[in-house]
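S.K.: Everything below, folded, please.
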Amino acid sequence: MKKLIFAAAILALASCGKKETVRLETVTAERGELTETVTATGTIESVTQVDVGTQVTGIVDKLYADYNSVVRKGELIAEIEKTLLQSELTSAEANVESAKLTYEYNLTNFERDKALHEKKLISDYEFQTSEKDLKVAKTAYDKAKADRVRAAKNLNYAEIYSPIDGIVISRDVEVGQTVVSNMNVANLYTIADLDNMQVIGNVDEADIGRVKPGQPVNFSVDAYPDEIFEGKVTQVRLNPTTESNVVTYEVVVDAPNPDHKLIPGLTANLTIYVLRDENVLLLPAKAFTFEPADGRRAPQINAKDERVVWVATGDSISPAVVTIGQSNGIKTEITGGLADGTSVATGYATVETGKPQQGEVSPFAPQPPGRNKKK
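M.R.: Residues are numbered from 1 along each chain as shown. Okay, the predicted model is just below:
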C-alpha cells in the first residue's frame, strides 16, 4: 500500500513540470524612415548683425531708436550735435574761395609772364618763379577743396542711419554723452536681422566626419521647450577648438526665424540627421545573421551589397538573396530582392507550456499554515 502512494506522488510531480517548445520568430519587411543622428549643442546668432557707430567726435544730440526698436535700412536713428561740424564746413568753404582767388591770380600772372618770356622780355628766373607760384596756388586750391569735401562728409556723419533692416538689440550711448572717434568708430547701436538666424554648433571630433552641408537639423531651445525648430547645415568649419582635452568643430546651421522667437545668445540642442531616408523598405540587422536550426547553408553571394535572408512561408523557410542600401546599425534599407510585407526569419524563441493547473499540488509539498486545522 505504501508503494502505491509513492508512485502516485511521483506521477503528480511529473504532471506539474513545464514543457518547452521552440518557435520561429519573424519580422515583416515594411516601409519606413531610416535615420541616423549626431547630437550637439550650440549658440544662436544673427546671420547679419551690425555695430552702428559714428566716425565723428561730438555730443549725442538725439536718439530715435531704443532697445527692441524695429528699424529699416536708411532710417535716421541718431544725430550728433552739428554746431562745430557746421562751422568746420563753413571755414572749409571760405578757404576754398580764398585758395581759388589766389590760384586765379597766379594763373593770370603766369599767362602774362609766359608771353613776355617768349618775347625775351623777362628773365628765365622771373618766369620760373611765376610758374612755381602757380603750382603752389593750384596745390593749395586742391587741398582746400578736399578739406571742404571732408568737412561736408563729417557733417553728414552727424546723422546716423540704419544700414540694414532689423531690430536694435543693444544701445551703448545716452543723449548728451560725448563720443570720441579716434582710430576706432565709436559704437552707438547693435542691430540684428532676426528674420535669418543661425546656430553655431560644436560637434565632437568623433562625429564631424559624418556631418555635411545640406543635412537637415532639428533643434530646441530652453525658452520654448515644447517646440522643435528646423534648419539645415550650411557650413562645416575646419578650425578645431580644444577645451579640457575635448576637440570639437563648429558647424553652422541655418535657422529661419519668421516669428522672431529665436534671439541671439540662446543655447540650442541640435539633432543633425546624417542619414534620413523616407519610405524605404527596412529589415532589422538580426535578419541578416539568422541561421536555420536544421543546418541548411545560405547560398553564395557575389556582390558587396548582397545579403541572404530567410523568407518564412507557413511552417517552412527558404533563402533569398537581397541587395541592401544604407544602414544605421539597427535597421538596413532593402533595395532589391524582397517584396513589401514579406515575413523574414530573425531567430528562434523558447516557449514554456504545460503549466500546472490550479488544485494540482504534490502531497510532498509544504502546506500553507493552518491548512489542516480543524474547525
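S.K.: rest of the way, CA atoms for contacts and neighbours
M.R.: Noted.
S.K.: what about residue 40, which helix or strand?
M.R.: Assigned by DSSP states H and E, residue 40 falls within strand 30-46.
S.K.: Quick test: name the residue nearest the centre of the chain.
M.R.: Nearest to the geometric centre of the chain sits residue 253, at 1.7 Å (C-alpha atoms, centre = their mean).
S.K.: I'd assumed residue 229 was in contact with that one.
M.R.: No - using C-alpha atoms under 8 Å, residue 253 is not in contact with residue 229, being 11.3 Å away.
S.K.: Averaged pLDDT, stretch 257-266. What do you get?
M.R.: In this model, stretch 257-266 has a mean pLDDT of 93.
S.K.: Go through it and list whatever outside residues touch any part of it.
M.R.: 43-46, 194-197, 221-223 (C-alpha atoms under 8 Å, 6 or more residues apart in numbering).
S.K.: Now for the residue nearest to residue 76 when sequence neighbours are not counted: which residues touch it?
M.R.: Nearest residue to residue 76 in three dimensions, chain neighbours excluded: residue 161, at 4.4 Å (C-alpha to C-alpha, 6 or more residues apart in numbering). Taking C-alpha under 8 Å, 6+ apart as the criterion, residue 161 is in contact with 73-78.
S.K.: buried ones in the longest strand seen in the chain?
M.R.: Counting by DSSP state E, the longest strand found in the chain is strand 224-243. By neighbour count with 16 or more other C-alpha atoms under 10 Å, strand 224-243 contains the buried residues 229-236.
S.K.: would you list the residues you listed in JSON lines and tack on distance to residue 177 and pLDDT?
M.R.: Listed next are the buried residues of strand 224-243 as JSON lines, based on distance: C-alpha to C-alpha, whole Å; pLDDT from 0 to 100:
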{"residue": "229", "distance to residue 177": "42", "pLDDT": "96"}
{"residue": "230", "distance to residue 177": "43", "pLDDT": "95"}
{"residue": "231", "distance to residue 177": "42", "pLDDT": "96"}
{"residue": "232", "distance to residue 177": "44", "pLDDT": "96"}
{"residue": "233", "distance to residue 177": "43", "pLDDT": "97"}
{"residue": "234", "distance to residue 177": "42", "pLDDT": "97"}
{"residue": "235", "distance to residue 177": "41", "pLDDT": "96"}
{"residue": "236", "distance to residue 177": "43", "pLDDT": "97"}
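S.K.: sorry, back to before: so what strands line up beside the helix or strand following the strand holding residue 40?
M.R.: Counting by DSSP H and E, the element after strand 30-46 in chain order, helix or strand, is strand 49-54. Taking DSSP bridges as the criterion, strand 49-54 forms sheet pairs with strand 186-192 (antiparallel).
S.K.: how about the helices in the stretch 1-150 of the chain?
M.R.: 2-16, 83-118, 124-157 (DSSP state H, counting those that start in this stretch).
S.K.: any idea of the mean pLDDT for the shortest one?
M.R.: The average pLDDT for helix 2-16 rounds to 37.
S.K.: picking up where we left off before, and the residue nearest to the centre of the chain, how far is that from residue 175?
M.R.: In this structure, residue 253 and residue 175 are 39 Å apart, going by C-alpha to C-alpha, to the nearest Å.
S.K.: same check, this time on residue 31
M.R.: 66 Å.
S.K.: Could you identify the helix or strand that succeeds the helix or strand harbouring residue 268?
M.R.: Applying DSSP H and E as the criterion places residue 268 in strand 267-284. The helix or strand immediately downstream of strand 267-284 is strand 306-313, counting by DSSP H and E.
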